[in-house]
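In: Next one to model:
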Amino acid sequence: MPQVNYTVDFLDGAWKVGLNGKQFGPYSTLDAAVAAASKAAHKAEAQGYEALLTINTPTPAAEAHAVEERRNAA
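Out: Residues are numbered from 1 along each chain as shown. Predicted coordinates:
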């Protein structure tokens, strides 16, 4: 069975969904990104793929730094 790997990553201050080296998004919250990745994974499974989802959460310090950078840019 072919396999697809989805990831949820916090990159450049936003949540993104990854698939085969490409990033999709941004999503405003972790929950929104996980929901999008999960929906895509379920569709892939319905099409005969084995779908894997990995959630890569940042350290609290990295996330706080990104939030602060967004505030300063506004």
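In: lowest-confidence helix or strand of the chain?
Out: Here the helix or strand of the chain ranked lowest by mean pLDDT, DSSP states H and E is helix 60-73, holding a mean of 70.
In: For this protein, which residues score under the pLDDT cut-off?
Out: Where the chain drops to pLDDT under 70, the residues are 61-67, 70, 74.
In: What segments of it are helices?
Out: All helices of the chain, identified by DSSP state H, fall at 30-46, 60-73.
In: packing partners for the top strand by length along the chain?
Out: Counting residues, the longest strand in the chain under DSSP state E turns out to be strand 3-11. Packed against strand 3-11 by the contact rule (3 or more C-beta pairs under 8 Å, 6 or more residues apart in numbering; DSSP states H and E) you find strand 14-19, helix 30-46, strand 50-56, helix 60-73. Where C-beta positions appear, they are placed from N, C-alpha and C, glycine not excepted.
In: Quick check: the gap between the closest residue to residue 56 other than its chain neighbours and residue 24.
Out: Leaving aside its chain neighbours, residue 56 sits nearest to residue 9 (4.9 Å; criterion: C-beta to C-beta, 6 or more residues apart in numbering). Residue 9 is 11 Å from residue 24, where distance means C-beta to C-beta, to the nearest Å.
In: Repeat that for residue 57.
Out: 18 Å.
In: what does residue 47 give?
Out: Distance of residue 47 to residue 24, given as C-beta to C-beta: 18 Å.
In: Neighbour count: those two, which is higher?
Out: residue 24 (14 against 10; other C-beta atoms under 10 Å).
In: Now do the contacts for the more buried one.
Out: By C-beta atoms under 8 Å, 6 or more residues apart in numbering, residue 24 lies in contact with 16-18, 36.
In: Who wins on neighbours among the residues you listed?
Out: So for the contacts of residue 24 (other C-beta under 10 Å), the most neighbours sit at residue 17, 25 neighbours.
In: What's opposite that residue in the beta bridge?
Out: residue 8, residue 24 (DSSP bridges).
In: hmm, back to that, could I get the buried residue list for the longest strand of the chain?
Out: 4, 6-10 (16 or more other C-beta atoms under 10 Å).
In: CA atoms only for it, dumped as CSV, please.
Out: Below are the C-alpha coordinates for strand 3-11, written out as CSV (Å, rounded to 0.1, in the frame of the first residue of the first chain):
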residue,chain,number,x,y,z
GLN,A,3,2.1,5.8,2.0
VAL,A,4,1.7,9.5,2.4
ASN,A,5,3.2,11.5,5.3
TYR,A,6,1.5,14.6,6.6
THR,A,7,3.2,16.9,9.1
VAL,A,8,2.0,19.9,11.2
ASP,A,9,4.8,22.3,11.8
PHE,A,10,5.2,25.8,13.4
LEU,A,11,7.3,27.6,10.8
